[in-house]
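Visitor: Compute the structure for the input listed below.
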Amino acid sequence: MSSLSFKTIAAALLLGGSGLVIAANDGQSRANELLSADPQYREAWQSVVKKEERLPEWVMNLSGTAEQMNAVEEDGDKYLVGPLCETADTCLNKRLIVAFSYDKKDAYAMLVQVPAGLPADKSPTRHADYRFIGKPDEGMQKLLMEQLKKDPNWY
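Guide: This next block holds a predicted model:
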């Protein structure tokens, strides 16, 4: 009888522990986790940024603050798309919208920089500098811009 109780307790502990693991991994990808999570993402990103000049370190390494990525379709192909900011405090001034193809072979991004200290009554859209990374075609550029426009602070 006592061994049955022990097995029951052990099973409960194991199930409870696995519930914590599931809760910690919400199943959603974030741009700042992709390169360490999957070597295919890392290869795709490195092949893109090695052709670029003078990119900030946080862009090269996809490090910084990121929100959940979403599945988006463009011209029949599916992409995992999401924002990345250098820091949470500088997100309005320095952000990257990243897109990875579902097969993890292609990566694109749009680096958006707004001058620091822009008055609140000035539209960031009109003062932003946009730099496309990975040679996205017109459709992909539009997709990246649409993702940026989903930010309620972007006008």
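Visitor: give the contact list for the spatially closest residue to residue 133 that is not a sequence neighbour.
Guide: Among residues not flanking residue 133 along the chain, residue 109 sits closest, at 4.2 Å (CB to CB, 6 or more residues apart in numbering). Where C-beta positions appear, they are placed from N, C-alpha and C, glycine not excepted. By CB atoms under 8 Å, 6 or more residues apart in numbering, the contact set of residue 109 is 48, 59, 96, 97, 98, 99, 132, 133, 134, 144.
Visitor: ok, 10 Å please
Guide: 31, 45, 48-49, 52, 55, 59, 62, 81, 84, 96-100, 131-134, 136, 140, 144 (CB atoms under 10 Å, 6 or more residues apart in numbering).
Visitor: Next: residue 53.
Guide: Here residue 53 is in contact with no residue (CB under 10 Å, 6+ apart).
Visitor: Spatially central residue in the protein, please.
Guide: Nearest to the geometric centre of the chain sits residue 31, at 2.5 Å (CA atoms, centre = their mean).
Visitor: I'd guessed that residue sits against residue 147; true?
Guide: No: at 11.4 Å, residue 31 does not count as touching residue 147 under the criterion of CB atoms under 10 Å.
Visitor: and residue 112, what are its bridge partners?
Guide: Assessed by DSSP bridges, residue 112 has beta-bridge partners residue 95, residue 130.
Visitor: That one and residue 103: what is the separation?
Guide: Distance of residue 112 to residue 103, given as CB to CB, to the nearest Å: 26 Å.
Visitor: Same question for residue 60.
Guide: In terms of CB to CB, residue 60 sits 23 Å off from residue 103.
Visitor: Sort out which of the contacts of residue 109 are in strands and list them.
Guide: Taking DSSP state E, the ones among the contacts of residue 109 that sit in strands are 81, 84, 96, 97, 98, 99, 100, 131, 132, 133.
Visitor: Any stretches of this structure with poor pLDDT?
Guide: For the chain, residues meeting the criterion pLDDT under 70 lie at 1-27.
Visitor: how about the helices in it?
Guide: Using DSSP state H, the helices of the chain run over residues 2-24, 31-37, 39-49, 57-60, 124-127, 138-149.
Visitor: What about the residue nearest to residue 96 when sequence neighbours are not counted, how many residues nearby?
Guide: Counting by CB to CB, 6+ apart, residue 96 lies nearest to residue 84, which is 4.5 Å off, once chain neighbours are set aside. Applying other CB atoms under 10 Å, we find 25 residues neighbouring residue 84.
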